[in-house]
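Colleague: next come a sequence and a model predicted from it.
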Amino acid sequence: MRHDPGYKLLFSHARMVEDLLRGFIPEDWVQGLDFTTLEKVSASQITDDLRERHNDLIWRVRWHSPNAPPCWLYLYLMLEFQSSVDHWMAVRILTYVGLLYQDLIRQGQLGANGKLPPVMPILLYNGRPAWTAPCDLDALVEQVPGLEGYRPRIRYFLLDEQHYDEARLTELRGLSAALFRLERSQTPEAMVEVLTLLVGWLDAPGNGSLRQAFTEFLRLVLLPARLPGVELPIMHELSEVRAMLSERVQEWTEQWKQQGLERGLQEGLQEGLQQGRREGRQEGLHAERMLLSRQAGRRFGPAIAARLDELTVALDDPEPLAAIGECLIDCASGEELMQQVERIAHDHRTQS
């Protein structure tokens with residue numbers, strides 16, 4: 001199972017959507033929602049154009065206020081797992097909301113006053129780069145004096161998982177926050193801590209379907225990503241996942257640490273290359289050297305990091321730096337690393 005269907009399975013449960021709104025949207029109108037009316041809009045109620053948006057979910061819920069008549073509020077939940085930021089996301093959302101409105105008109109799903117219901121677009125993004133695209137379409141359209149009244153207007157609510165630190169997610173104590181903590185967990189111990197909370201929160205018999213969704217997400221998506229190549233036992237309940245992790249936590253901790261190092265180096269080196277393209281060759285090479293130095297210090301101590309700095313300062317090409325990054329992953333000791341770095345530096349001087 002890929003990441004996106006796993007998330008879609010979880011947010012196909014009303015309790016997850018309610019928890020997301022209550023925990024992550026700090027706006028007054030949320031207090032006026034009657035969550036007992038929360039219902040998912042079925043695929044048969046929308047056109048092929050929207051049905052092809054496989055990663056999106058549409059929900060509706062009744063909203064009421066003492067000063068206004070009750071109405072349906074539609075929630076357009078977009079699940080984004082791409083590794084890059086879509087600068088034009090607001091334009092895409094304008095299109096999707098327009099298609100949804102066309103469907104509602106076709107079906108006669110209008111308010112008592114004959115008006116269209118409000119739609120709240122929510123972008124749930126879990127990519128590693130911070131989301132930098134404008135959340136308001138207005139920022140993407142050229143401003144021409146006299147034409148202000150004709151400018152399309154729409155904005156979406158951005159929920160960037162990486163924006164929330166561990167302390168904030170722990171404080172929220174909800175199902176969605178627990179999901180985000182699982183995604184960000186760096187050790188099996190951290191995952192067991194969150195799973196213990198989830199097992200308690202979802203213990204009631206009526207939560208069986210949601211427990212199963214979390215179990216499937218862990219078994220088919222998250223754990224295989226953390227432990228590639230490891231054959232996992234068949235698990236049918238969250239409590240079984242927690243027990244399995246607790247039993248094998250010592251065995252897997254070192255493997256997780258090594259994978260984290262590899263992932264950090266690969267992503268960091270790629271960042272260095274991108275920075276080099278953006279800001280100039282020398283700045284990018286400097287960023288790569290700094291990354292290698294930090295990782296060497298973490299693995300083998302400050303003395304090795306200092307020796308590495310001396311050897312890499314004259315390297316003016318990203319290729320030998322990338323080779324050193326691979327050695328940093330593979331070498332078992334600081335001395336072995338230094339031997340490999342000296343070889344790479346010598347070869348580079350010879351070829352230059």
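Modeller: Good, I have the coordinates.
Colleague: wait, what's in contact with residue 101?
Modeller: Contacts for residue 101 (CB atoms under 8 Å, 6 or more residues apart in numbering) come out as 116, 119. Every residue, glycine included, has its C-beta placed from N, CA and C.
Colleague: what's the separation between it and residue 122?
Modeller: 17 Å (CB to CB, to the nearest Å).
Colleague: next: residue 155.
Modeller: Here the distance between residue 155 and residue 122 works out to 11 Å (CB to CB).
Colleague: next: residue 203.
Modeller: Noted for residue 203: a distance of 29 Å to residue 122, by CB to CB.
Colleague: checking residue 74 next. Helix, strand or coil?
Modeller: Look at residue 74: counting by DSSP: H, G, I helix; E, B strand; the rest coil, its state is strand.
Colleague: skipping its backbone neighbours, what lies nearest it in space?
Modeller: Closest residue to residue 74 in three dimensions, ignoring its sequence neighbours and counting by CB to CB, 6 or more residues apart in numbering: residue 119, at 4.5 Å.
Colleague: give the contact list for that neighbour.
Modeller: Neighbouring residues of residue 119 by CB under 8 Å, 6+ apart: 73-76, 97, 100-101.
Colleague: how long is stretch 220-233 end to end?
Modeller: Across stretch 220-233, the terminal residues are separated by 11 Å (CA to CA, to the nearest Å).
Colleague: same deal with stretch 81-93?
Modeller: Its start and end residues considered, stretch 81-93 measures 16 Å (CA to CA).
Colleague: any idea of the mean pLDDT in that stretch?
Modeller: Regarding stretch 81-93, the rounded mean pLDDT is 85.
Colleague: residues in contact with it?
Modeller: Applying CB under 8 Å, 6+ apart, the set of residues contacting stretch 81-93 is 3-4, 7, 55, 76, 78, 80, 121, 123, 126-137, 139-140, 154-156.
Colleague: for stretch 133-143, same thing?
Modeller: The set of residues that contact stretch 133-143 without belonging to it, under CB under 8 Å, 6+ apart, is 85-91, 93-94, 123, 151-158.
Colleague: tell me the mean pLDDT for it?
Modeller: For stretch 133-143, the per-residue pLDDT averages 92.
Colleague: ok, the residue nearest the centre of the chain - contacts?
Modeller: The chain has residue 126 as the residue nearest its centroid, 1.2 Å off, counting by CA atoms, centre = their mean. Applying CB under 8 Å, 6+ apart, we find residue 126 in contact with 3, 7, 80-81, 161-162, 180, 183.
Colleague: show the pLDDT at the residue nearest to residue 74.
Modeller: At residue 119, pLDDT is 95.
Colleague: phi first, then psi, for it.
Modeller: phi -120, psi 130 (degrees, to the nearest 10).
Colleague: and the gap between it and residue 333?
Modeller: According to CB to CB, residue 119 and residue 333 sit 59 Å apart.
Colleague: likewise residue 248?
Modeller: 27 Å.
Colleague: quick check, pLDDT for the residue nearest to residue 21 when sequence neighbours are not counted.
Modeller: Excluding its sequence neighbours, the residue lying closest to residue 21 (CB to CB, 6+ apart) is residue 30, at 5.4 Å. pLDDT for residue 30: 92.
Colleague: wait, residue 30 sits on residue 23?
Modeller: No - checked against CB atoms under 8 Å, the pair residue 30 and residue 23 is beyond contact range at 9.9 Å.
Colleague: how is the chain carved up into domains?
Modeller: According to automatic domain parsing, the chain comprises the domains 3-165, 188-256, 280-351.
Colleague: of all those domains, which lies closest to residue 175?
Modeller: domain 3-165 (4.6 Å; CB to CB).
Colleague: chain center to that closest one: distance?
Modeller: Domain 3-165 sits 17 Å away from the centroid of its parent chain (CA atoms, centre = their mean, to the nearest Å).
Colleague: rewinding a little: any of the contacts of residue 119 buried? List them.
Modeller: By neighbour count, with 16 or more other CB atoms under 10 Å, the contacts of residue 119 hold 73-76, 97, 100 as buried.
Colleague: relative to residue 294, which of these is nearest.
Modeller: Using CB to CB, residue 76 is the member of the buried ones among the contacts of residue 119 that sits closest to residue 294, with 41.2 Å.
Colleague: now do the contacts for that closest one.
Modeller: By CB under 8 Å, 6+ apart, residue 76 lies in contact with 56, 58, 93, 96-97, 100, 119-122.
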